[in-house]
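**Student:** this one's sequence-less:
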């Protein structure tokens, strides 16, 4: 299966987001547009055979921190590398723009997402306790410290400790 990704509009993100049953389409298109406006951000859509099957959206918190805000993959395309491809593309983009940390908040009930993030070297940094334990918010981050991204003549990139 070949996975391609490209930049996306807020409308494309919202259309995919609304198809994820576990998220209950909590955010409207206007919510997404307002959250991302007036700040550096990245929205990507993953496609398989030209069909949008996943997305990731994030934005800058400041000049050093990037926040992975929304992401998901349609149920029929999970565990096929779609999320990993999107995450890798977002990390490369963020690092190439000088962000040292990428953070993300997930609900404790999304165990698959938490395991995915941990397997991609994200570390738990804090928990926002809720009355219902299943609704706890877990913050994770990946810190690049002084790593630099060095681009060669093509789209290939290499990490180098600074």
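**Tutor:** Nice, thanks for sending it over. Computed from a predicted model, the values in this text were never measured in an experiment. Residues are numbered from 1 along each chain as shown.

**Student:** Need the single longest helix in the protein, by residues.
**Tutor:** Using DSSP state H, we find that the single longest helix of the chain is helix 82-96.

**Student:** Which elements pack onto the helix or strand following it?
**Tutor:** Once the chain leaves helix 82-96, the next helix or strand it forms, by DSSP states H and E, is strand 101-107. Secondary-structure packing of strand 101-107 (3 or more CB pairs under 8 Å, 6 or more residues apart in numbering; DSSP states H and E): strand 65-73, helix 82-96, helix 111-119, strand 137-143. C-beta here means a position set from N, CA and C on the backbone, and glycine is covered the same way.

**Student:** Most tightly packed of those?
**Tutor:** Stretch with highest mean neighbour count among the helices and strands packed on strand 101-107: strand 65-73 (a mean of 22; mean count of other CB atoms under 10 Å).

**Student:** name the helices or strands packed onto that one?
**Tutor:** helix 10-17, strand 51-60, helix 82-96, strand 101-107.

**Student:** Tell me which of the ones you listed sits nearest to residue 124.
**Tutor:** In terms of CB to CB, the element of these nearest to residue 124 is strand 101-107, at 10.0 Å.

**Student:** Could you list the residues in contact with that closest one?
**Tutor:** 58, 61, 64-69, 90-91, 94, 113-114, 117, 122, 125, 128, 134-144 (CB atoms under 8 Å, 6 or more residues apart in numbering).

**Student:** Quote the end-to-end distance of stretch 97-111.
**Tutor:** With CA to CA, to the nearest Å as the measure, stretch 97-111 spans 30 Å from end to end.

**Student:** For residue 33, see how far away the nearest residue to residue 41 once chain neighbours are set aside is.
**Tutor:** Using CB to CB, 6 or more residues apart in numbering and skipping the chain neighbours, the partner closest in space to residue 41 is residue 59 (3.9 Å). For residue 59, the distance to residue 33 (CB to CB, to the nearest Å) stands at 12 Å.

**Student:** Look at the two and report which has more neighbours.
**Tutor:** residue 59 (18 against 15; other CB atoms under 10 Å).

**Student:** so that one bridges to which residues?
**Tutor:** residue 41, residue 67 (DSSP bridges).

**Student:** just checking, it touches residue 37?
**Tutor:** No. If you go by CB atoms under 8 Å, residue 59 and residue 37 don't touch, sitting 9.5 Å apart.

**Student:** if we look at stretch 37-50, which residues are touching it?
**Tutor:** 1-10, 12-13, 16, 36, 52-60, 73, 77, 82, 85-86, 89-90, 93-94, 97.
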